[in-house]
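Chemist: I'll drop the sequence and a predicted model, then ask my questions.
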Amino acid sequence: MSVINFSAGPAKLPKAVLETAQSEMLNYNNTGLSVMELSHRSADFTKIITGAEKNLRELLDIPENYKVLFKQGGGTGQFSAVPLNLMGLKPGRCADYIVTGSWSAKAVQEAEKYGKVNKVVPKLSKYSGIPDVDQWTLNPEASYVYYCANETIHGVEFPYIPETNGVPLVCDMSSNMLSRPVDVSKFGVIFAGAQKNMGCAGVTIVIIREDLLGKADPQCPVTYDYKVQAGNNSLYNTAPTYNIYILGLVLQWVKEQGGVKKMSENADLKSKAVYEVVDNSNGFYNATVEPCSRSRMNVPFRIGSKEGNETLENLFLEEAKQNGMIQLKGHRSVGGIRASLYNALSVDEARAFVQFLKDFQAKHQ
Ligand code: PMP
């Protein structure tokens, strides 16, 4: 059965990656073992993890003064790891958080356990855009500034990197990592769960500038201590070996496709095509995000009216499913429709969705 998977995550993986994993499942590199059965300290696994790091460094052009960690605990684990490692950078134990959606709001809840949080942007009644920089209140004494580059639920994506005037910048890139080139040197820490653009759930990438290591609070669990993990090449304890293997295959695939530049071009093509139909539908489809901060990865919209006609939306989901297009339901907290267009979703698959959008409107408006 052939389907097009628009899930927000865990998300579609490239077919070629799954096929390689399948062919190597029972006998990896003539070891007679599956990758799952390899020791995390074996020569074969060492090759897998160093190869993944090398490819990630190459794809994102990561400067040498940054460490790359492969961690468990998901993006949510990093909501705690970030303040546990960085809140104490300055004596005031205060951090700036730019809240533009549910994920950055959740990160605040965690950070408040470890220090003071200054909310940089005015509280928003709904998450549909990014307030102008002239409305921000950055605290020059903050230990770090935190933001989420792409709010997966609301489809709000930063089209720029915030300026922090020297305060370390921390970014949750869970849902747009590898979708565009990034100037890593602008960041103190970047983290991202793998299960959207990079692999399967269970491994989280952390990219951290070396001078920020060794500042963790004494009560920081060892598994989240960036310095300990960096000092042990992510192998202080057993790493999520199979997930790192899949991540490595995805990174190789991205390289073969033409790297993040190509992923970015595709993301433009796919998201523009979908937004164009939505915007030209005379109010049949209604985008929920302001044009200047629309995500290229997650496109949320309502059908029938701005608030959404649930009957029509359910019908849309049903007919989409009949056409092999699945996992289009908006997040349970916001409703509506959300089409996630991650790297593994091809331009042709996005075009098929665009055609479906047109056909559905023609049939039901
Ligand atoms: N940040 C973002 C932007 C996310 O989309 C998600 C999960 N969807 C998280 C953090 C939380 O990640 P996890 O579920 O891996 O803890």
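Modeler: Arrived safely. Numbers count the residues shown, from 1 in each chain.
Chemist: which residues of the chain fall in helices?
Modeler: Ranges of helices in the chain, per DSSP state H, are 15-23, 43-60, 74-86, 102-111, 226-231, 241-257, 259-279, 310-322, 347-364.
Chemist: now, of these, which is deepest in the fold?
Modeler: helix 74-86 (a mean of 23; mean count of other C-beta atoms under 10 Å). C-beta here means a position set from N, CA and C on the backbone, and glycine is covered the same way.
Chemist: that helix packs against which elements?
Modeler: If you count contacts as 3 or more C-beta pairs under 8 Å, 6 or more residues apart in numbering; DSSP states H and E, helix 74-86 packs onto strand 66-71, helix 102-111, strand 169-172, strand 189-193, strand 204-209.
Chemist: is it possible to get CSV of these that adds distance to Asp132 and mean pLDDT?
Modeler: Formatted as CSV, the helices and strands packed on helix 74-86 follow (distance: least, C-beta to C-beta, whole Å; pLDDT from 0 to 100):
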stretch, distance to Asp132, mean pLDDT
strand 66-71, 31, 98
helix 102-111, 17, 98
strand 169-172, 19, 98
strand 189-193, 24, 98
strand 204-209, 28, 98
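Chemist: any chance of TSV for the ones you listed, columns distance to Glu319?
Modeler: TSV is the format used below for those (distance: least, C-beta to C-beta, whole Å):
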stretch	distance to Glu319
strand 66-71	41
helix 102-111	28
strand 169-172	34
strand 189-193	31
strand 204-209	36
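Chemist: okay, those in TSV with distance to the ligand next?
Modeler: TSV is the format used below for these (distance: least, C-beta to the nearest ligand atom, whole Å):
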stretch	distance to the ligand
strand 66-71	11
helix 102-111	4
strand 169-172	5
strand 189-193	4
strand 204-209	7
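Chemist: before we move on, back to that, same list (the helices of the chain) but as CSV, adding distance to Ile161.
Modeler: Formatted as CSV, the helices of the chain follow (distance: least, C-beta to C-beta, whole Å):
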stretch, distance to Ile161
helix 15-23, 29
helix 43-60, 14
helix 74-86, 17
helix 102-111, 15
helix 226-231, 21
helix 241-257, 21
helix 259-279, 15
helix 310-322, 35
helix 347-364, 26
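Chemist: nearest to Thr164, out of those?
Modeler: helix 74-86 (13.0 Å; C-beta to C-beta).
Chemist: for the closest one, the distance to its chain's centre please.
Modeler: 15 Å (C-alpha atoms, centre = their mean, to the nearest Å).
Chemist: need the contact list for Tyr285.
Modeler: Val277, Val278, Phe301, Arg302, Ile303, Leu357, Gln361 (C-beta atoms under 8 Å, 6 or more residues apart in numbering).
Chemist: no no, Pro10
Modeler: By C-beta under 8 Å, 6+ apart, the neighbours of Pro10 are Gln195, Lys196, Cys200, Ala201.
Chemist: from these, which two are the most distant?
Modeler: Lys196 and Cys200 (10.3 Å).
Chemist: please say which of those two ends up with more neighbours.
Modeler: Neighbours per residue (other C-beta atoms under 10 Å) separate Lys196 from Cys200, with Lys196 holding more: 30 against 21.
Chemist: on that earlier part again, in CSV: the contacts of Pro10, plus distance to Arg351.
Modeler: What follows is the contacts of Pro10, written out as CSV (distance: C-beta to C-beta, whole Å):
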residue, distance to Arg351
Gln195, 25
Lys196, 21
Cys200, 27
Ala201, 28
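Chemist: so can I have CSV of those residues showing pLDDT and distance to Pro291?
Modeler: Shown next, in CSV, are the contacts of Pro10 (pLDDT from 0 to 100; distance: C-beta to C-beta, whole Å):
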residue, pLDDT, distance to Pro291
Gln195, 98, 28
Lys196, 97, 23
Cys200, 97, 33
Ala201, 98, 32
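Chemist: which of those residues sits closest to Tyr236?
Modeler: Of these, the one sitting nearest to Tyr236 (C-beta to C-beta) turns out to be Ala201, at 21.3 Å.
Chemist: from what I see, the closest one and Ala194 are in contact.
Modeler: Yes - counting by C-beta atoms under 8 Å, Ala201 does reach Ala194; the two are 7.0 Å apart.
Chemist: could you name every residue contacting both of the two?
Modeler: Contacts common to Ala201 and Ala194, judged by C-beta under 8 Å, 6+ apart, are Asn243.
Chemist: quick one: which of these two has more around it?
Modeler: Neighbour count, other C-beta under 10 Å: between Ala201 and Ala194, Ala194 has more, with 27 against 15.
Chemist: skipping adjacent residues, who's closest to the more buried one in space?
Modeler: Val203 (4.8 Å; C-beta to C-beta, 6 or more residues apart in numbering).
Chemist: tell me the pLDDT at that neighbour?
Modeler: Per-residue pLDDT puts Val203 at 98.
Chemist: next, count neighbours for it.
Modeler: If you count neighbours by other C-beta under 10 Å, Val203 ends up with 28.
Chemist: residues in contact with it?
Modeler: Phe70, Lys71, Gln72, Gly193, Ala194, Ala239, Pro240, Asn243, Ile244, Leu247.
Chemist: with Asp279 instead?
Modeler: Ala287.
Chemist: now with 10 Å?
Modeler: The neighbours of Asp279, taking C-beta atoms under 10 Å, 6 or more residues apart in numbering as the test, are Tyr285, Asn286, Ala287, Pro291, Phe301.
Chemist: can you pull the contacts of the spatially closest residue to Lys186 that is not a sequence neighbour?
Modeler: For Lys186, ignoring the flanking residues on the chain, the nearest one in space by C-beta to C-beta, 6+ apart is Ile161 at 5.1 Å. Listed by C-beta under 10 Å, 6+ apart, the contact partners of Ile161 are Tyr147, Ala149, Leu169, Cys171, Val182, Asp183, Lys186, Phe187.
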